[in-house]
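Enquirer: Here is a sequence with its predicted model. Questions after.
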Amino acid sequence: MSILEVKDLRVSFHTYAGKVQAVRGVSFSVDKGKTLAIVGESGCGKSVTVQTIMKLTPTPPAFIEEGSILYEGTDIVGYSEKQMQKLRGKEFSMIFQDPMTSLNPTMRVGRQINENILKHMTLSSKEATKRTMEMMRLVGIANPEINMLRYPHTYSGGMRQRIMIAMGMAANPKILFADEPTTALDVTTQSQILDLINDLKKQFQMAVVLITHNLGVVARMADSVAVMYAGKVVETGTAREVFYEPKHPYTWGLLNSIPDTANMNGNRELPAIPGTPPDLFAPPKGCAFAARCPYAMKACIKAQPEETCLSDTHKVSCHLLDPRAPKVEPYHVKRQKTE
Amino acid sequence: MQKKQVELDLSDFTRLLDEEKNGEEIVRPSTSFWRDFARRLFTNKAAVVSLTVVAIMVVLSIVIPLVSPYQYDANNLMSINQGPSASHWFGTDTLGRDLWTRVWYGGRISLAIGFFGAIFPALIGVVIGGIAGYFGGVIDMLIMRVIDVLMCVPQMVFVILLMLKFGNGPVAIVTSFALIGWMGSARNVRGLVLQMKNQDFVNASRILGASHLRLIFKHLIPNTLGIVVVGMTMSVPSAIFYEATLSILGLGIKSPLTSWGQLLQLGVQNFKLYAYQLFIPAVILSITLLAFNILGDRVRDALDPKLRN
Amino acid sequence: MKRYIAKRLVISVITIWALATFSFFLLKTLPGNPFQTEQLLKPEIQEKMMSYYGLDKPYFEQYLTYMGNLLHGDMGYSFKYTNRSVWDIIMQTFPISADLGLRSLAIGYPVGLLLGTIAARRRGKKADYLCVLISVLGVSVPNFVIGSLLQWVFGVKTGLLPIAQWKGFSYSILPTITLSIATIASLTRTMRASMLEVENQDYMKTAKAKGLGEKEIVWRHQLRNAMIPIVTGLGPAVATTLMGSFIVEQLFSIPGIGKHFTESVQALDYTMVLGLTIFFGVFLVAANFIVDILYGIIDPRIRITD
């Protein structure tokens, strides 16, 4: 059974200019010990989705309009702030994008980790300090006795992200949300941090929800993938399904835009998806991707596509899967041709 | 929302041409920076009210002394210390001068000191800060050290010393403010210029052969205008306030010339018997300062794109 | 940190020297002499007085003498209060101003910080509007208006409290309140802005994601960071308040250092003006210096970088 299941979640931001429908009916589930990657371009609602699960978005302006969030079978949408505080840090943890600004600059790092332990575990302060040092060793920081007394600004970005992870892991959470954990880091540090997250996931049988726009990261980490566009999940499935049998034109576009180092001969131009995502103040009536989709049909601007289940895990929302739709070349054929 | 099912028929499954996609329509109209600023300012109730108050004060100060039957400095020893009445709306002072006329004549002086006392320091600050930021190096270091030193100087004391030198008139007051008050805006402008001068739009212009002057006046200064305008709006009330303080201490405007501060100075001397002589100018001054302070806040909010939404 | 302190110290000394030199020559170029104002004195006596005080020597010689004496803490004698040294007068009047200043700070800081915090926590609610209104009014209504209003209500109309002189606790109530209102107003404003600024920082979200309660987040994470700009402003604020308010001392006839400065300027008592100016300068520079070091303690980022 899945540990976290999100069903038809809708989140809106109420601003003075109107309602922004940031998340428009998102569903996905994560299993224990597995990694789900949520992929999409900036502003597609992936961070909002995850922050809504932990209720980190302030209300107002953000409101959950509809949907349910099942954690171990219990719907937590209606949970009070007090109930959420018991879940945050203990059951769910979160790592943010920018380790430079995510740590409190005026508090020693040890204390920032310690805080989490004291809050959620019944330990004496001595034991908690011991655990803090254990956690720091676990994420690869040597000499925690000394290093726990340092302030965040004395650490590099990668080290700070390690501290963020140590902090997130301190109370043995069941789910780790990682919101673009490596985007702000340089490439060599990126892979170290990803390895660390993978190791910890295996060691503690933890579920990971990874937000990213980097498909390389997805390929390396994910068991399953949800592709988001303009506040909706357009395609979801196991990593194998999404990478090898993608069905949605947006997924094709994303996969096409990965630089292919294996077959590089310098002649292939890197394809981009032309255009920009729609304004979520007034989302289109039909498929949000229609305006940028090379295969768009009349139906696409008329109505939202229904979700089609291709297997137990693989679900796609696209009118191309309607039996009446013209057949288009599947992605892998297309890709081989271009190369 | 989009729950209702739309019936699709076969004809809907034909390819769309690019023109039919209606893709990148611009939903919100794009506006220029200053028009956007004006829209945000004028849709704010507090800003409109305080702007109106300021406008009323300015108009009354210009008009009343012209149309009043009394001269602001005409003594009339037959009618001294009279309370407000039909012939003297704000009453008269110890020398029988009409306070209605004097308050608005004083408004001219106070408001003028406010405006010029805000503009001149800002202008000096823009020039010095712009030079420091643009040329950098030794010039920048020297200017910044001078600013460091001047920031440690007790400002009020120095304004007073400079006024000993220049005299008591409005011009002396504005000159003193200009010499003492430019450091804040110089610092701001320098910071911004430093930030901007290596940005691509400036580099592009430089590569195309633009002169120093062109770069400074066409690119750098227009982009610092926002912060300077905010600073200026905020320092109008403090210039008016400082003038009042100086005059009350007997170091500013001297009778028979008048300003709100000078009226208050006389008012303080007599307020045990003739409270109106103090409270009328005090209320006018306070309302004006309040309006300017609120306006300054709103101008800042309206100019700061970070605070949009 | 040591290098940082040394650097600040050098700047401070230069500042004081520049200040003293500039004020000295500025005052020397002023028209008139202090004995003109006492119109009883004949021109011959005025000249005698000038040479007695060494005022007939070349400016530069006077400057060297003055600076030499200054190094020993000797600021010369007042012209107006004959036979009293400037230092004596400072020592007599400064404690009164500092006393008044401390009282007003003791009220102003806690109240201002509290109002600012409340306003930020209750953003957009009635309490916020009330605090913002208090602070805008406090900034806009000048202290002499507030002071004279208090005098009028509590002194003239009801006779509850004395409105002049400095002879005991009841005399200090009205001037203390008057002086503290400006502090309350500006602190409420700064603290509110600072709290809101910190609230948008990423580390506040981290703290929330840890499952900390509202109180823990505010006390451990928000307040300390929000205090940084307050501490930066502390130096000049404390210094100016302790040095006495020209207006409040004048209004309430308090024999503090501010009132003496105003009187010396009016009497063209140059040695007093110069001495007090230098004293104010040193005080302000010292306060800024101390705050810079304090700043390093509260914000660890400063300690290493400079």
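Expert: On my side now, so go ahead.

Enquirer: all contacts plus neighbour counts: C-alpha atoms, from now on.
Expert: Noted.

Enquirer: name the element residue B:35 belongs to?
Expert: Take DSSP states H and E as the rule and residue B:35 turns out to sit in helix B:33-42.

Enquirer: Quick check: next helix or strand after that helix?
Expert: Assigned by DSSP H and E, the successor of helix B:33-42 is helix B:45-67.

Enquirer: Which positions in that following helix come out as buried?
Expert: Within helix B:45-67, the residues that count as buried by 16 or more other Cα atoms under 10 Å in any protein chain shown are B:46-48, B:50-51, B:53-54, B:57-58, B:60-61, B:64-65.

Enquirer: so how far is residue A:280 from the residue in the stretch 101-250 of chain B that chain C sits nearest to?
Expert: Residue nearest to chain C within the stretch 101-250 of chain B: residue B:149 (5.0 Å; Cα to the nearest Cα). Counting by Cα to Cα, to the nearest Å, the separation of residue B:149 from residue A:280 is 52 Å.

Enquirer: residues contacting the nearest residue to residue B:80 once chain neighbours are set aside?
Expert: Leaving aside its chain neighbours, residue B:80 sits nearest to residue B:96 (3.9 Å; criterion: Cα to Cα, 6 or more residues apart in numbering or on different chains). Residue B:96 is in contact with B:74, B:75, B:76, B:77, B:78, B:79, B:80, B:81, B:82, counting by Cα atoms under 8 Å, 6 or more residues apart in numbering or on different chains.

Enquirer: phi, psi of residue A:235?
Expert: When read as degrees, to the nearest 10, the backbone of residue A:235 gives phi -150, psi 140.

Enquirer: For burial, what's the neighbour tally of residue 92?
Expert: Since you didn't name a chain, this refers to chain A. For residue A:92, the neighbour count with other Cα atoms under 10 Å in any protein chain shown is 26.

Enquirer: please go with chain C instead
Expert: Around residue C:92 there are 14 residues (other Cα under 10 Å).

Enquirer: Give me the average confidence score over the strand or helix carrying it.
Expert: Counting by DSSP H and E, the element that carries residue C:92 is helix C:86-121. In this model, helix C:86-121 has a mean pLDDT of 92.

Enquirer: Next, the angle from whichever helix or strand comes after it to helix C:86-121.
Expert: Downstream of helix C:86-121, the first helix or strand assigned by DSSP H and E is helix C:126-140. Interaxial angle of helix C:126-140 relative to helix C:86-121 (axes from the mean of the first three to the mean of the last three Cα atoms, to 10 degrees): 150 degrees.

Enquirer: Helix C:126-140: which residues count as buried?
Expert: Neighbour count says helix C:126-140 has C:127, C:128, C:131, C:132, C:134, C:135, C:136, C:137, C:138, C:139, C:140 buried, by 16+ other Cα under 10 Å.

Enquirer: Tell me where the stretch 201-339 of chain A has helices.
Expert: Remark: helices assigned in the stretch 201-339 of chain A by DSSP state H, counting those that start in this stretch are A:215-221, A:239-244, A:249-256, A:298-302, A:331-338.

Enquirer: hey, which of these is tucked in deepest?
Expert: Mean neighbour count (mean count of other Cα atoms under 10 Å in any protein chain shown) peaks for helix A:298-302 among these, with a mean of 22.

Enquirer: what's the offset of it from the middle of its chain?
Expert: Mean-position distance between helix A:298-302 and its chain equals 29 Å (Cα atoms, centre = their mean, to the nearest Å).

Enquirer: same deal with stretch A:127-138?
Expert: Relative to its parent chain, stretch A:127-138 has a centroid offset of 28 Å by Cα atoms, centre = their mean.

Enquirer: do stretch B:210-220 as well
Expert: 26 Å.

Enquirer: for stretch B:267-284, same thing?
Expert: That offset, for stretch B:267-284, works out to 27 Å (Cα atoms, centre = their mean).

Enquirer: and the gap between the closest residue to chain C within the stretch 151-300 of chain A and residue A:108?
Expert: For the stretch 151-300 of chain A and chain C, the shortest gap (Cα to the nearest Cα) falls at residue A:153, measuring 6.3 Å. From residue A:153 over to residue A:108 the distance is 10 Å, taken as Cα to Cα.

Enquirer: Return the member of the contacts of residue B:96 nearest to chain C.
Expert: Nearest to chain C, judged by Cα to the nearest Cα, of the contacts of residue B:96 is residue B:81 at 18.0 Å.

Enquirer: and that closest one, what is it in contact with?
Expert: By Cα under 8 Å, 6+ apart, the neighbours of residue B:81 are B:91, B:92, B:93, B:94, B:95, B:96, B:274.

Enquirer: what helix or strand is the residue nearest to residue B:80 on?
Expert: Counting by DSSP H and E, residue B:96 is part of no helix or strand.

Enquirer: Can you list phi and psi of it for me?
Expert: phi 80, psi 20.

Enquirer: again, but for the one 5 residues further on
Expert: Geometry field for residue B:101 lists phi and psi as phi -70, psi -40, criterion degrees, to the nearest 10.

Enquirer: was I right about it contacting residue B:73?
Expert: No. Between residue B:101 and residue B:73 there is no contact under Cα atoms under 8 Å: 9.1 Å.

Enquirer: More neighbours: which of these two?
Expert: residue B:101 (27 against 17).

Enquirer: From residue B:289, how far off is that one?
Expert: 20 Å.

Enquirer: Same check on residue B:302?
Expert: In terms of Cα to Cα, residue B:302 sits 20 Å off from residue B:289.

Enquirer: try residue B:214
Expert: On the measure of Cα to Cα, residue B:214 and residue B:289 end up 38 Å apart.

Enquirer: To what extent is residue A:177 buried, counted in neighbours?
Expert: 25.

Enquirer: what kind of secondary structure is it in?
Expert: Under DSSP: H, G, I helix; E, B strand; the rest coil, residue A:177 falls in the strand class.

Enquirer: tilt between the helix holding residue B:35 and helix B:45-67?
Expert: Going by the same axes, to 10 degrees, helix B:33-42 makes 90 degrees with helix B:45-67.

Enquirer: on contacts alone, who are the packing partners of helix B:33-42?
Expert: helix B:45-67, helix B:275-303 (3 or more Cα pairs under 8 Å, 6 or more residues apart in numbering or on different chains; DSSP states H and E).

Enquirer: Tell me, please, where in chain A the pLDDT is lower than the cut-off.
Expert: A:1, A:17, A:260-270, A:330-339 (pLDDT under 70).

Enquirer: That one against chain C: which residues are in contact?
Expert: Applying Cα under 8 Å from any Cα of the partner chain, we find that chain A lies next to chain C at A:54, A:56, A:82, A:84-90, A:93-96, A:101-106, A:116, A:119, A:151, A:153, A:168.

Enquirer: ok, of the residues you listed, which come out buried?
Expert: A:54, A:56, A:84-90, A:93-96, A:101-106, A:116, A:119, A:151, A:153, A:168.

Enquirer: Can you tell me the closest non-neighbouring residue to residue C:206?
Expert: residue A:102 is the one closest to residue C:206 (Cα to Cα, 6+ apart), at 6.2 Å.

Enquirer: And for residue A:274?
Expert: Closest to residue A:274 by Cα to Cα, 6+ apart is residue A:292, at 6.4 Å.

Enquirer: now swap in residue B:286 and tell me
Expert: The shortest distance from residue B:286 to any non-neighbouring residue, by Cα to Cα, 6+ apart, is to residue C:141 (4.9 Å).

Enquirer: Could you report the distance from the one you found to residue B:54?
Expert: Taken as Cα to Cα, the span from residue C:141 to residue B:54 is 16 Å.

Enquirer: circling back to that earlier point, please spell out which residues along the helix holding residue B:35 are buried.
Expert: For helix B:33-42, by 16+ other Cα under 10 Å, it's B:37, B:40, B:41, B:42.

Enquirer: what angle sits between it and helix B:275-303?
Expert: Using the same axes, to 10 degrees: helix B:33-42 against helix B:275-303 is 130 degrees.
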